[in-house]
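J.: just need the structure, nothing else, for what follows:
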Amino acid sequence: MGNSGSGFTDAPGHGPSRRSVLGALSAVPLAAGGLVAASSTAEASTTASTATASGASVSSPGNPSSKDAPISKAGLRRLREVLAGHMASKRIPGLVALVSRGGQTHVEALGTMRAEGGAPMRRDTIFRMASTTKPVSMAAAMVLLDECRIRLDDPVERGLYPQEGAPNLAPDEWMRRLGTLPLMYQPGEHWQYNMSHDVLGVLVARVTGKPFETFLRERIFDPLGMKDTGFHVPAGKIDRLPPLYSPDPVSGKLVVWDEAVGGRVSKPPVFQSGGGGLVSTVDDYHAYFRMLLNGGVHNGQRILSRPAVEMMTSNRLSPQETAFRTEMAKKYVHVSFGQGQHGGWGFGMAVRTYRADYASVGQFGWDGGAGTSTYGDPDKQLAGILLTQVGTTNPDSTRAILDFWTTLYQVIDD
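T.: A predicted model of the protein is given here:
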């Protein structure tokens, strides 16, 4: 689940030499002299708030008809009961969950913003997305690919050398220091994870001549109506951000790792992390994943080409790399608390290549170390998002995520 910006990481980063844009997109070292990414070892009161009122579902304009993709009311009840049980345990103060299929969307906001109680979770609560940043930030590079401003076989260093005469910007210094670190493996030897997404953010900024967030906002966030997504939470919205808790690994006690006011995401960051720096809401992420499920179209407007979406959401690993990643997930199941059984990897996200649980082969998305989970299932035309404020330093938020997906697939009633 690693995260480059929130502090919940899976493994220390190791440094690059050079590689192609394709390698940076997929976080797979493909060619000799390629850029390598960081290694990963794997990775009782409740309140309800739904799409309209308690337990209600509403149609989503611009999506397939709900008649073609029904949602089971009994399945939704079970999902809510299971999530409410996690609130009752006091191990997770609150969460917001979204289920979408066809033209129907259902949202549950349960629990409170803080462990000691107080303000309830709301549908528009803002969360630190951690590594679930990766599937979204990847879209910026795909826009450039669609427009032939970058090519998959371009040497990636062409856009990454520090710029002569330019101010010593934080990304320049970050790239300089990254380039001094040794490789863990030679390119092409191992599936790698994480660091390339931060490198890709720098590449997008260099190619476009704009800050990474500015380009994301112009081409992805604004067209999709993702008004609450960015690399920090403005002062006028900070009351919608809960603290981030890091449970003690032994006792499970909730310890505040990052407060809202004055915290890490309360001001613009020096470095905009494409690997783990975004904050967002369930509705913003739903708009993004529904766009992917619609083949790159949102409300009649094309955001990404269909081939771009197909490349992002299909397995990019070789058979040997897929086998390694599958074995890694099984070998380190105790580290990831049972999460990570996907098999493949696309551009910025996992892709299911075998049935390890209720999810369909072809499901795509990712999880974050701050207790977030976002996936789309093209076979079922299903999207699910679960956002918590509890990091994955112990199994509690991961178990809630696993239970969410187990019950989410039971809403399918056709």
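J.: for the closest residue to S72 other than its chain neighbours, what are its contacts?
T.: The spatial neighbour of S72 that comes closest, neighbours along the chain excluded (Cβ to Cβ, 6 or more residues apart in numbering), is D413 at 3.6 Å. (C-beta placed from N, C-alpha, C; glycine too.) Each residue near D413 by Cβ atoms under 8 Å, 6 or more residues apart in numbering is listed here: P70, I71, S72, A74, G75.
J.: which of the residues you listed are buried?
T.: For those, a burial check counting by 16 or more other Cβ atoms under 10 Å picks out I71, G75.
J.: narrow the contacts of D413 to those in helices?
T.: A74, G75 (DSSP state H).
J.: farthest pair in the contacts of D413?
T.: In terms of Cβ to Cβ, those reach their longest pairwise distance at P70 and A74, which sit 11.6 Å apart.
J.: now R240, nearest residue through space, not along the chain?
T.: Once its chain neighbours are removed from consideration, R240 has its nearest residue in I126; the separation is 4.7 Å (Cβ to Cβ, 6+ apart).
J.: show me the contacts for that neighbour.
T.: I126 sits next to D228, V233, K237, R240, L241, V279, S280, T281 when contact means Cβ under 8 Å, 6+ apart.
J.: what about the second one, how many neighbours?
T.: Other residues near V233 number 22, with proximity taken as other Cβ atoms under 10 Å.
J.: you'd agree it is up against D258?
T.: No. Counting by Cβ atoms under 8 Å, D258 is not a contact partner of V233; they are 11.3 Å apart.
J.: any common contacting residues for the two?
T.: Between them, V233 and D258 share the contacting residues V265, judged by Cβ under 8 Å, 6+ apart.
J.: isn't G276 right next to S131, touching?
T.: Yes. G276 sits in contact with S131 when judged by Cβ under 8 Å, with a separation of 5.1 Å.
J.: the two: which is more packed in?
T.: Applying other Cβ under 10 Å to G276 and S131 shows that S131 carries more neighbours, namely 32 against 28.
J.: check for me that that one belongs to a helix.
T.: Yes. When classified by DSSP: H, G, I helix; E, B strand; the rest coil, S131 is found to be part of a helix.
J.: let me see the contact set for the nearest residue to K253 once chain neighbours are set aside.
T.: Nearest in space to K253, with sequence neighbours left out and distances taken as Cβ to Cβ, 6+ apart, is P247 at 6.7 Å. When contacts are counted by Cβ under 8 Å, 6+ apart, P247 touches R91, K253, L254, V255, V390, G391, T393, N394, D396.
J.: one more pass at 7 Å, please.
T.: With contacts taken as Cβ atoms under 7 Å, 6 or more residues apart in numbering, P247 has the following neighbours: K253, L254, V255, V390, T393, N394, D396.
J.: among those, which ones are buried?
T.: Burial of those was assessed by neighbour count (16+ other Cβ under 10 Å); the buried members are L254, V390, T393, N394, D396.
J.: name the nearest of those relative to F271.
T.: T393 (23.3 Å).
J.: show me where the stretch 101-250 of the chain has helices.
T.: With DSSP state H, counting those that start in this stretch as the criterion, the stretch 101-250 of the chain has helices at 133-146, 170-178, 195-208, 212-216, 222-224.
J.: likewise the stretch 301-414 of the chain?
T.: 306-312, 319-331, 396-408.
J.: what is the mean pLDDT for the shortest one?
T.: This means helix 306-312. When pLDDT is averaged over helix 306-312, the result is 97.
J.: for stretch 128-140, same thing?
T.: The average of the pLDDT scores along stretch 128-140 is 97.
J.: got it, and stretch 344-355?
T.: Confidence for stretch 344-355, expressed as mean pLDDT, is 91.
J.: between the helices of the stretch 101-250 of the chain, which gets nearest to M312?
T.: The nearest among these, by Cβ to Cβ, is helix 133-146 at 6.3 Å.
J.: now do the buried residues in the closest one.
T.: Neighbour counts over helix 133-146 (16+ other Cβ under 10 Å) mark 133-146 as buried.
J.: distance to M113 added to the residues you listed, as TSV?
T.: Compiled in TSV, the buried residues of helix 133-146 are given as follows (distance: Cβ to Cβ, whole Å):
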residue	distance to M113
T133	22
K134	26
P135	26
V136	24
S137	26
M138	30
A139	29
A140	31
A141	34
M142	34
V143	35
L144	38
L145	39
D146	39
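J.: which one among the buried ones among the contacts of P247 gets closest to P182?
T.: Closest to P182, out of all of the buried ones among the contacts of P247 and judged by Cβ to Cβ, is T393, at 28.2 Å.
J.: that closest one: what's it in contact with?
T.: With the criterion set at Cβ under 7 Å, 6+ apart, T393 makes contact with S246, P247, P249.
J.: and which of those residues is nearest M121?
T.: P247 (18.0 Å).
J.: make TSV out of the helices of the stretch 101-250 of the chain and add distance to T353.
T.: As requested, these are arranged in TSV below (distance: least, Cβ to Cβ, whole Å):
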stretch	distance to T353
helix 133-146	17
helix 170-178	31
helix 195-208	21
helix 212-216	29
helix 222-224	28
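J.: among these, which gets the worst mean confidence?
T.: Looking at the helices of the stretch 101-250 of the chain, the bottom one is helix 170-178 with a mean of 84.
J.: which parts of that helix are buried?
T.: For helix 170-178, the buried set under the neighbour-count rule, 16+ other Cβ under 10 Å, comprises P171, D172, W174, M175, L178.
J.: chain neighbours aside, what residue packs nearest to the first one?
T.: Take P171 and drop its neighbours on the chain: the residue closest to it by Cβ to Cβ, 6+ apart is V202, 4.6 Å away.
J.: what about that neighbour, how many residues nearby?
T.: By other Cβ under 10 Å, 23 other residues sit near V202.
J.: which of the buried residues of helix 133-146 lies closest to M291?
T.: A139 (8.7 Å).
J.: ranges for the strands of the chain?
T.: Counting by DSSP state E, the chain forms strands over residues 57-59, 94-101, 104-111, 127-128, 244-245, 256-258, 279-280, 297-298, 301-302, 343-345, 350-352, 364-368, 372-377, 382-388, given from the N-terminal end onward.
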